[in-house]
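**Q** Here's my sequence, what's the structure:
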Amino acid sequence: MTTELRTDEEFLADPSRAQRRLWVMEQIEDGAATYNIQVGLRLRGTVDLAVLQAVIDEVVRRHETLRTRLTVEDGELVQLIRAEADVPVVLSDLSGRPDPAAAWQHTAEAELRRSFDLETDLPIRVGLLRLAAEDHVLLITLDHVVCDAWSLRLLHDELVGLYPAFAAGRPSPLPEPKLQYADYAAWEASREDSPELLAQLDYWRARLGDGPPRLELYPAGAPTGTGAQSQSCSHRLPEDLVRQLEELARGEGASLFSVLLSAYGVLLSRYGRAEDFVVGSLLANRARPELEDLIGFFVNTVGLRMDLTGEPTFRELLARVHGTALDAYAHQEISFDRVVAELEPDSEPGRRQPFFDVMFQLADLTRRSVRTETLVLEPTPMASLPAPVDLVVAVLKDADGYEVVWDHRTDRLGPAEVERMQRHYVSVLRSALADPGLPVAELAFE
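**A** So this is what the prediction gives:
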């Protein structure tokens, strides 16, 4: 099935493989809000609610994914896309609370943890929180099945582009999207057994097909249940350290991602006493320019094989990791769930992902502020719930530099253990900078 008219108000389309995968995972978790994501704007000055509603209406008109429900018909998952949809901006007045800022954070957390019923609900909620007469927060919560981090940045750019134009009585300055997400899903399906994708499958079969061993980060007898809570903590990377790491990457013909991932690999190897393991990561999967301006769920998971065998120096490890990353970029279009289905890795009790229990991510979350005659629009932090693995390290770039966020499963890694890992991670980075020719086994853990 491609796209077909169902009624004058709604039409059907096939979902993407990524949507199918995430929908199944949400069903397994019985409607939990595990995959919600959130973006916001701080609005300082005079807010015109009618203009703001017009902005949201225009964004929803531009992107079919924001008008999409997912349901099962005749045993198959389908997208039901509304021709038009109303997404109201719901105003909540927090200005009378003893601490409006704390009330804002509480409201945002509650919204992030409130699930969507994808069969009946649109996958987007919009709220406007009044903290004071001229201080508001626009809060947008979405189901990940129609959106990813790239989409959140795009959504932010559209909001701050449209509001000044509409407030001044001008038309939208944004070009019309050339495609919609349903077009992408149909194109993806048409390439299911193409030689290009089958070659990508062969690559992942060669990289992961021998079932590399799992990392054992935990002592014998650690809990193996899947219902544990996660906790986050973070620290900033000093600006001078980041600058030196970027210089090291340039000098070695690598990337900052590869440098940071290499140090993470050293850390995991030392803690897990392993030389060959897999780290999960997320790639934007928007290699084609026509996909860059679409709100939708494109991101794909990849398993990056970490090879620390043969007592490499950090410089040698960096070359290996950078080569692995480049190969992953070149083979990112085949969906992770198809790789899993083809390779059929053994499932183990307590394992929440095939192939890996740890992940690493580097993401640029920098977003611009905009000033009008009556209003300043400033980004607020993006938010999501932790990924369903034991440990995720995300290095996030924002206007103030780089923040390293550690999401960890609390029954497997306690706060004290993660604090030690944070210190050791920075120690490995500094030691590698001091002497990239040092064997990884001799990098300092201080």
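**Q** going forward, measure contacts between C-alpha atoms and count neighbours the same way
**A** Will do.
**Q** Quick check: residue 213 is in a helix.
**A** No - counting by DSSP: H, G, I helix; E, B strand; the rest coil, residue 213 falls outside a helix, being coil.
**Q** ok, it - how many residues close by?
**A** If you count neighbours by other CA atoms under 10 Å, residue 213 ends up with 13.
**Q** residue contacts, it?
**A** 276-277 (CA atoms under 8 Å, 6 or more residues apart in numbering).
**Q** how much space between it and residue 338?
**A** Relative to residue 338, residue 213 is positioned 21 Å away (CA to CA, to the nearest Å).
**Q** CA atoms of stretch 28-48 as PDB?
**A** What follows is stretch 28-48, C-alpha atoms only, in PDB (Å, rounded to 0.1, in the frame of the first residue of the first chain):
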ATOM      1  CA  ILE A  28       5.500  -4.000  24.800                       C
ATOM      2  CA  GLU A  29       5.800  -1.300  27.500                       C
ATOM      3  CA  ASP A  30       2.000  -1.100  27.600                       C
ATOM      4  CA  GLY A  31       1.600   2.500  26.600                       C
ATOM      5  CA  ALA A  32       4.300   3.900  28.900                       C
ATOM      6  CA  ALA A  33       5.700   7.400  27.900                       C
ATOM      7  CA  THR A  34       9.200   6.000  27.500                       C
ATOM      8  CA  TYR A  35       9.500   7.500  24.100                       C
ATOM      9  CA  ASN A  36       8.100  11.000  24.600                       C
ATOM     10  CA  ILE A  37      10.300  14.000  23.700                       C
ATOM     11  CA  GLN A  38       9.800  17.700  24.500                       C
ATOM     12  CA  VAL A  39      11.000  21.100  23.300                       C
ATOM     13  CA  GLY A  40      10.200  24.500  24.600                       C
ATOM     14  CA  LEU A  41      10.500  28.300  24.200                       C
ATOM     15  CA  ARG A  42      10.800  30.900  26.900                       C
ATOM     16  CA  LEU A  43       8.800  33.900  25.900                       C
ATOM     17  CA  ARG A  44       9.800  37.100  27.600                       C
ATOM     18  CA  GLY A  45       7.600  40.100  26.900                       C
ATOM     19  CA  THR A  46       4.000  40.500  25.500                       C
ATOM     20  CA  VAL A  47       2.700  37.200  24.100                       C
ATOM     21  CA  ASP A  48      -0.200  37.300  21.600                       C
END
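**Q** ok, residues contacting the helix or strand hosting residue 359?
**A** Element membership for residue 359 (DSSP states H and E) is strand 358-364. Contact partners of strand 358-364, identified using CA under 8 Å, 6+ apart, comprise 257, 261, 278-282, 389-398.
**Q** which stretches of the stretch 301-446 of the chain form helices?
**A** 314-330, 336-343, 415-434 (DSSP state H, counting those that start in this stretch).
**Q** hey, least reliable of the ones you listed by pLDDT?
**A** Ranked by mean pLDDT, those end with helix 336-343 at the bottom, a mean of 88.
**Q** from the chain's centre, how far out does it sit?
**A** 20 Å (CA atoms, centre = their mean, to the nearest Å).
**Q** now stretch 229-239
**A** 16 Å.
**Q** Over to stretch 424-441?
**A** 28 Å.
**Q** Could you list the buried residues of it?
**A** Within stretch 424-441, the residues scored as buried using 16 or more other CA atoms under 10 Å are 424-433, 436, 438-440.
**Q** One more: stretch 117-127?
**A** 117-118, 122-127.
**Q** Format the helices of the stretch 301-446 of the chain as a markdown table; extra columns: distance to residue 190.
**A** Listed next are the helices of the stretch 301-446 of the chain as a markdown table, based on distance: least, CA to CA, whole Å:
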| stretch | distance to residue 190 |
| --- | --- |
| helix 314-330 | 20 |
| helix 336-343 | 15 |
| helix 415-434 | 44 |
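**Q** Out of these, flag the one nearest residue 267.
**A** Relative to residue 267, the nearest member of the helices of the stretch 301-446 of the chain by CA to CA is helix 415-434, separated by 6.3 Å.
**Q** Now that closest one - C-alpha only, PDB.
**A** Written as PDB, here are the backbone C-alpha positions of helix 415-434 (Å, rounded to 0.1, in the frame of the first residue of the first chain):
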ATOM      1  CA  PRO A 415      25.300   7.200  41.700                       C
ATOM      2  CA  ALA A 416      28.700   6.700  43.400                       C
ATOM      3  CA  GLU A 417      29.800   4.300  40.600                       C
ATOM      4  CA  VAL A 418      28.700   6.700  37.900                       C
ATOM      5  CA  GLU A 419      30.400   9.600  39.600                       C
ATOM      6  CA  ARG A 420      33.600   7.600  39.500                       C
ATOM      7  CA  MET A 421      33.100   6.800  35.800                       C
ATOM      8  CA  GLN A 422      32.600  10.600  35.100                       C
ATOM      9  CA  ARG A 423      35.900  11.400  36.700                       C
ATOM     10  CA  HIS A 424      37.700   8.500  35.000                       C
ATOM     11  CA  TYR A 425      36.200   9.600  31.600                       C
ATOM     12  CA  VAL A 426      37.700  13.100  31.900                       C
ATOM     13  CA  SER A 427      41.000  11.600  33.200                       C
ATOM     14  CA  VAL A 428      41.200   9.300  30.100                       C
ATOM     15  CA  LEU A 429      40.600  12.300  27.800                       C
ATOM     16  CA  ARG A 430      43.300  14.400  29.400                       C
ATOM     17  CA  SER A 431      45.700  11.500  29.500                       C
ATOM     18  CA  ALA A 432      45.100  10.800  25.800                       C
ATOM     19  CA  LEU A 433      45.700  14.500  25.000                       C
ATOM     20  CA  ALA A 434      49.000  14.400  26.900                       C
END
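**Q** returning to that earlier point: buried by neighbour count, from the contacts of strand 358-364: which ones?
**A** Judged by 16+ other CA under 10 Å, buried ones among the contacts of strand 358-364: 257, 261, 278-282, 389-396.
**Q** out of those, who's nearest residue 63?
**A** residue 282 (23.0 Å).
**Q** end-to-end on stretch 119-134?
**A** 38 Å.
**Q** cool, stretch 364-383 as well?
**A** 14 Å.
**Q** mean confidence for it?
**A** 92.
**Q** Give the buried residues for that stretch.
**A** Buried residues in stretch 364-383 (16+ other CA under 10 Å): 365, 367, 370, 375-380, 382-383.
**Q** For residue 72, list each beta-bridge partner.
**A** Beta-bridge partners of residue 72, counted by DSSP bridges, are residue 77.
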